[in-house]
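Pasting a predicted model and its sequence here:
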There are 2 protein chains.
Amino acid sequence: MDYMDPRGLRDAFGTFMTGVTVVTSHDKNGNPLGFTANSFTSVSLEPPLLLVCLANSSSNYEALTQAEGFAVNILAEDQKDVSNTFARKVDDRFAAVSWKKGPHGSPILSGVSAWFDCSMHKIVEAGDHIILIGKVEVYDASTAPGLGYANGAYVTPSATAEALNKTTNLVVSAIIERADEVLLIDDGQGGLALPEITADKSGATIALNNLIASTGLGAQPGFVYSIFEDAERERQNISFLCKAGDGLPNLGSFEKLTEQVLSQISDPAVASMLERFANENSIGNYGVYVGNETSGKVRAVNSKG
Amino acid sequence: MDYMDPRGLRDAFGTFMTGVTVVTSHDKNGNPLGFTANSFTSVSLEPPLLLVCLANSSSNYEALTQAEGFAVNILAEDQKDVSNTFARKVDDRFAAVSWKKGPHGSPILSGVSAWFDCSMHKIVEAGDHIILIGKVEVYDASTAPGLGYANGAYVTPSATAEALNKTTNLVVSAIIERADEVLLIDDGQGGLALPEITADKSGATIALNNLIASTGLGAQPGFVYSIFEDAERERQNISFLCKAGDGLPNLGSFEKLTEQVLSQISDPAVASMLERFANENSIGNYGVYVGNETSGKVRAVNSKG
């Protein structure tokens, strides 16, 4: 089968959890370049080899295929902003981060979990991407836990543990996603809202299960997407990202997160979170996940990034 | 550089978070085979390609290099046992799980986050591994969140959120690891123990930070490794896996988790957890992580698996 619905396939690929890397090198004029990628894997210990995939359509394709080497920077859990900087259109990505030239020549970012400064070992053509196999010349690792990525959203196990452990006056909401749409309900005042529920002593995940059951959808509780405090109402919000199967919801409907839809969401904090979600999700699915940092946004949402 | 200390390099590679897959195929006699691997990445959408790395020394090397195809099963968060079954020496791995023959012929496991039944597209030699590039012929995905793996241990964000949210009478312990050794302290009664602390209202992660500070080590709080209830003492234990930098600890010493050392740990639940850790960590670093399911255990620990 040569053609498959790219969205369905991309979402299926996205169930595999990954870390997040920034791959760096230089163009032929010696200018540093870098892009966010999660299509990375270690390959061999002796000799030390790793690989990363790059889209044929990438603006860095020419530079990378001619480069003598590249570095892979494995981002730490607190480096979401670095991931976003190197995944979006930013005029000077390297001005936004702390970095130095690595021992083998490619840019090394500060504060990462590990970095590998590589020579180019082999380039393999593979469909709409190339596989860059690098030979590790010099590397270093820190004790910082890594940033994760799954189903088009960041996974931050340590930050989540910290936040969940502090919760009081807890409101649980669910970003229930299906085919690039999110379940939104009528907030009773002419606006839109996420399904939400106040957690009692039994905790956030019991509340989430009850919330999902109330939608009538065969959705499964997923990872924590966002935690934010609502200072005005003195409450803590935890939002879980859940994937829905087929079927009609009891309440509300699945909507694309267009600018027009986002403008109808009555809670500004929720609107802001969903705007970020729409942006990260589009970066993730078309950019981070398949390693093509050149693809544009797929949802009509203004980026504040 | 052709040679690097394999342990240091492996640990640096291990900072990149991954999902966990079981790769399946058939031998030339038509018998199903499968092994746990995390050296997976998606490659291309059109045509649909993915890759997985396999050690040249693998007992499945011959079968896979001659196979017409293979399947990649992305394990769900509740499938640690499946991962362990396909990573250890088990007489009949397929007898231990629910599976069926996939549409393209390779075994598909039940309950996974996604599966991809592939034809063989290309095999690339790369150091001590080969890269198997598969062309996705048929696939399916569920709504189940995936199992994660980082730094030689499983990452289970949903299960962790659930457990942390329920905690009362909370005891926090730290598995502080450095170079395949774990910090153990004198329990004051002639035995060994993990550093531990009782959490107060400020929560588990504040307690963990205090605990790490008390060791005098430059260790960073890592992910939750294990949560278990101590029914007898009516308390809940959360154990965090942390990586230490250089320097001497204020208390205790770093020890390899040999059978002899494990036998000195006074708390049976902690001993059992560390035995599991030693096993999973050796599977992970030599087996799961670099995709070589044939390597034996590196620590002298009896497996109960």
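Structure's in. What do you need?

my guess is residue A:225 contacts residue A:153, does it?
Yes: the pair residue A:225 and residue A:153 passes the contact test of C-beta atoms under 8 Å, sitting 5.4 Å apart. No exception for glycine: its C-beta is placed from N, CA and C like everyone else's.

Overlap of the contact sets of the two?
Common contact partners of residue A:225 and residue A:153 (C-beta atoms under 8 Å, 6 or more residues apart in numbering or on different chains): A:241, A:277.

Looking at these two, which has the bigger crowd around it?
residue A:225 (26 against 22; other C-beta atoms under 10 Å in any protein chain shown).

Grab the nearest non-local neighbour of the more buried one.
Nearest residue to residue A:225, sequence neighbours excluded (C-beta to C-beta, 6 or more residues apart in numbering or on different chains): residue A:241, at 4.0 Å.

Mind listing what's buried along the helix or strand containing the one you found?
With elements taken from DSSP states H and E, the one containing residue A:241 is strand A:235-243. Under the neighbour-count criterion of 16 or more other C-beta atoms under 10 Å in any protein chain shown, strand A:235-243 has A:236, A:237, A:238, A:239, A:240, A:241, A:242, A:243 buried.

For the second one, which residues are in contact?
Counting by C-beta under 8 Å, 6+ apart, residue A:237 makes contact with A:170, A:171, A:172, A:173, A:196, A:226, A:227, A:228, A:229, A:230, A:269, A:270.

Please apply the same query to the fourth one.
Contact partners of residue A:239, counting by C-beta under 8 Å, 6+ apart, are A:172, A:173, A:174, A:175, A:194, A:224, A:225, A:226, A:227, A:228, A:273.

Closest one of those to chain B?
Within the contacts of residue A:239, proximity to chain B (C-beta to the nearest C-beta) peaks at residue A:224, which comes in at 5.7 Å.

Can you classify the residue lying closest to that closest one once chain neighbours are set aside as helix, strand or coil?
Spatial nearest neighbour of residue A:224, excluding adjacent residues (C-beta to C-beta, 6+ apart): residue A:160 at 4.6 Å. Put simply, residue A:160 is helix when judged by DSSP: H, G, I helix; E, B strand; the rest coil.

ok, residue A:160 - how many residues close by?
Count around residue A:160 with other C-beta under 10 Å applied: 24.

do you know how far it is from residue B:59?
38 Å (C-beta to C-beta, to the nearest Å).

and the closest residue to chain B within the stretch 51-200 of chain A, what does it touch?
Of all residues in the stretch 51-200 of chain A, the one sitting closest to chain B is residue A:127 (2.8 Å; C-beta to the nearest C-beta). By C-beta under 8 Å, 6+ apart, the contact set of residue A:127 is B:43, B:44, B:45, B:46, B:47, B:48, B:49.

Neighbours of residue A:91, how many?
Neighbours around residue A:91, by other C-beta under 10 Å: 6.

again but with residue A:261, I slipped
With other C-beta under 10 Å as criterion, residue A:261 counts 20.

List the contacts of the closest residue to it other than its chain neighbours.
Sequence neighbours aside, residue A:255 is the residue nearest to residue A:261 in space, at 5.0 Å (criterion: C-beta to C-beta, 6+ apart). Residues near residue A:255 by C-beta under 8 Å, 6+ apart: A:181, A:182, A:183, A:184, A:192, A:261.

I'd say the fourth one and residue A:177 touch.
No: the pair residue A:184 / residue A:177 is not scored as a contact, 11.2 Å apart, by C-beta under 8 Å.

who's the closest residue to residue A:273 other than its chain neighbours bridged to?
Nearest-residue entry for residue A:273: residue A:226, 5.1 Å, with adjacent residues in sequence omitted and distances by C-beta to C-beta, 6+ apart. Counting by DSSP bridges, residue A:226 forms beta bridges with residue A:239.

what's the burial count for residue A:226?
Quick note: residue A:226 (other C-beta under 10 Å) scores 23 neighbours.

Okay, it and residue A:76: tell me how far apart.
Residue A:226 sits at a distance of 19 Å from residue A:76 (criterion: C-beta to C-beta).

now residue A:101
Counting by C-beta to C-beta, the gap from residue A:101 to residue A:76 is 20 Å.

can you check residue A:186 too?
41 Å.

returning to what we had before: please convert the buried residues of strand A:235-243 to TSV, extending it with distance to residue A:138.
Below are the buried residues of strand A:235-243 laid out as TSV (distance: C-beta to C-beta, whole Å):
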residue	distance to residue A:138
A:236	44
A:237	44
A:238	41
A:239	41
A:240	41
A:241	37
A:242	42
A:243	40
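
Which of those residues sits closest to chain B?
Nearest to chain B among those, with distances taken as C-beta to the nearest C-beta, is residue A:243, at 4.0 Å.

Which positions in stretch A:52-71 come out as buried?
For stretch A:52-71, using 16+ other C-beta under 10 Å, the buried residues are A:52-55, A:58, A:60-61, A:63-64, A:67, A:69-71.

swap in stretch A:196-211?
Buried positions in stretch A:196-211, judged by neighbour count with 16+ other C-beta under 10 Å: A:196, A:197, A:199, A:203, A:204, A:205, A:206, A:207, A:208, A:209, A:211.
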